[in-house]
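1. Using only what follows, build the 3D model:
(one chain, ligands or ions: 1)
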Amino acid sequence: MRLKPVALAMALGLSSLSAVSAFAGEVEVLHWWTSGGEAKSVAVLKQLLEKEGHTWKDFAVAGGGGDSAMTVLKSRAVSGNPPTAAQIKGPEIQEWGELGFLADLDDVAKANHWDELLPKVVADGMKYDGHYVAVPVNVHRVNWVWGNPEVLKAAGVDHMPTTWDEFFADGDKIKAAGYIPLAHGGQDWQDATIFEAVALSIGGAEFYRKAFVDLDDDALGGDTMVKVLTTYKRLKDYMDPDAPGRDWNLATAMVINGKAAFQIMGDWAKGEFVSAGKVAGKDFLCSAVPGTADAYTYNIDSFAMFHVNSNSQEEAQKALARIIMEPTFQEVFNLNKGSIPVRPDIPRDKFDSCAIKSMDDFTADAKSGTLVPSMAHGMSTTSYVKGAIYDVVTNYFNDANMTAQQAAERLVKAVKAAG
Ligand code: GAL
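-> Modelled structure (predicted):
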């Protein structure tokens, strides 16, 4: 039997774990956290791992939403050289599990009581075939609007919009005052982030689930979806002409710097405000996307662990998994990232009003059945179906000639072909 680091340290008469080098290993971690707030957040994990004597090899692939990271991960895995850990989430964890790439973390999970600490729905998503293969980092809420109070004031708008009619009326005022109403980055995943929010708003949680979880033809191609697509396209009139291709954090910067009034984005955007020294409720405002105050689109980040071939790598990998679930990481990381801890037992006192609202709404919406998985962030379908929806939604958003009816028909066909 191998000696655990603590036992080894004792046997060697060493007092500090970091003095133990026998099992100090390297973990190569693939992630896409490269914006200001994201980089600050992932640095916390690196520090905590290095404190235990392990080495962090950064494998960052830029690109919000992670599609570029996933492409790179696939090519590394296919060539037989996957990293130690990778940011993989939602049903994609199952896809990797099925392919036989993922390592079993049951002993770490058992020793650290993950089953007792995690909400069951979260724990289940981290398991493949009943065994833990991934560890959850956080819970992001996706259906948020971020607002700049100074811009709103200058435009004579004294509220965050709660309905689309209000949003469009406010947008007209903001435009007239010389500001951009809605900061946006025209990339497929950002287009999809807004689209799913409008779908939740107009159709409600049940419709949302039918469309993006059950992939029901009537929901994807029916009258409600046509209404959703129509409202969604109206938002384009409130964006600036430079939106195409823009990174999400540059869109957030437009709200931070007072060029734009709003951004519709998950609460990783809050990580940007916070890293710019801004304070929630004072320098920036958060509210649910119009018409979605009583619903919550969740996006849970997680790291899946790949098979490794040395003891030291395995020790380092397990240390990484353990640290992610520990209170220190859960608190500090989530304060920086804009998300909330995945463990409900972390003290709330350091979290701001947006995070507290997210915590309360998560619980309330879980109870009322209005907690839904984010399609745009890979929580509700396979990566193939997600990609098919992205294509239709982005093409429609950028094609002045495609009608909402045509887009709805394409949605049904594309999802069928991908499923
Ligand atoms: C999401 C991810 C978040 C955030 C965002 C932008 O998919 O879950 O953690 O990083 O992409 O990159």
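2. in the stretch 51-200 of the chain, which spans are strands?
-> 55-60, 85-87, 127-128, 131-132, 134-136, 138-141, 144-147, 180-183 (DSSP state E, counting those that start in this stretch).
3. let me redo that: the stretch 201-350 of the chain
-> Here the stretch 201-350 of the chain has its strands, by DSSP E, counting those that start in this stretch, at 260-264, 285-288, 296-299, 302-305, 340-341.
4. for this protein, what's the longest helix?
-> Secondary structure of the chain per DSSP state H: the longest helix is helix 188-212.
5. Tell me which residues touch residue 407, please.
-> For residue 407, the contacting residues are 229, 392-393, 395-396, by Cβ atoms under 8 Å, 6 or more residues apart in numbering. Any C-beta I mention is one placed from the backbone N, CA and C, and that applies to glycine too.
6. Buried residues, the helix or strand encompassing it. List them.
-> Per DSSP states H and E: residue 407 is located in helix 404-418. Across helix 404-418, burial judged by 16 or more other Cβ atoms under 10 Å covers 404, 407-412, 414-415, 418.
7. cool, stretch 214-221 as well?
-> Buried residues in stretch 214-221, counted by 16+ other Cβ under 10 Å: 215-216, 219-221.
8. the helices in the stretch 151-300 of the chain, which residues?
-> Counting by DSSP state H, counting those that start in this stretch, the stretch 151-300 of the chain has helices at residues 164-176, 188-212, 217-221, 223-234, 248-256, 268-275.
9. closest one to residue 147 among those helices?
-> Closest to residue 147 of these is helix 248-256 (Cβ to Cβ; 7.2 Å).
10. Show residues contacting that closest one.
-> Contacts of helix 248-256 (Cβ under 8 Å, 6+ apart): 35-37, 64-65, 146-148, 151, 180, 183-185, 187, 190, 243, 260-263, 265, 268-269, 272-273, 276, 278, 284.
11. Kindly report the residues of the stretch 51-200 of the chain close to the ligand.
-> 64-66, 140 (Cβ under 6 Å from any ligand atom).
12. which of those lies closest to residue 373?
-> residue 140 (11.6 Å).
13. Could I get the pLDDT score of the closest one?
-> Residue 140 is assigned 98 on the pLDDT scale.
14. distance of the closest residue in space to residue 119 that isn't next to it in sequence from residue 141?
-> Once flanking residues are discounted, residue 119 sits nearest to residue 344: 6.9 Å by Cβ to Cβ, 6 or more residues apart in numbering. Per Cβ to Cβ, to the nearest Å, residue 344 is found 15 Å from residue 141.
15. Which one of those two is surrounded by more residues?
-> Applying other Cβ atoms under 10 Å to residue 344 and residue 141 shows that residue 141 carries more neighbours, namely 27 against 14.
16. Quick check: that one touching residue 362?
-> Yes: contact criterion Cβ atoms under 8 Å: residue 141 and residue 362 qualify, at 7.3 Å.
17. overlap in contacts of the two?
-> Common neighbours of residue 141 and residue 362 (Cβ under 8 Å, 6+ apart) are 296, 298, 340.
18. contacting residues around the last one?
-> Remark: with contacts taken as Cβ under 8 Å, 6+ apart, residue 340 is in contact with 138-139, 141, 334, 351, 355, 358-359, 362.
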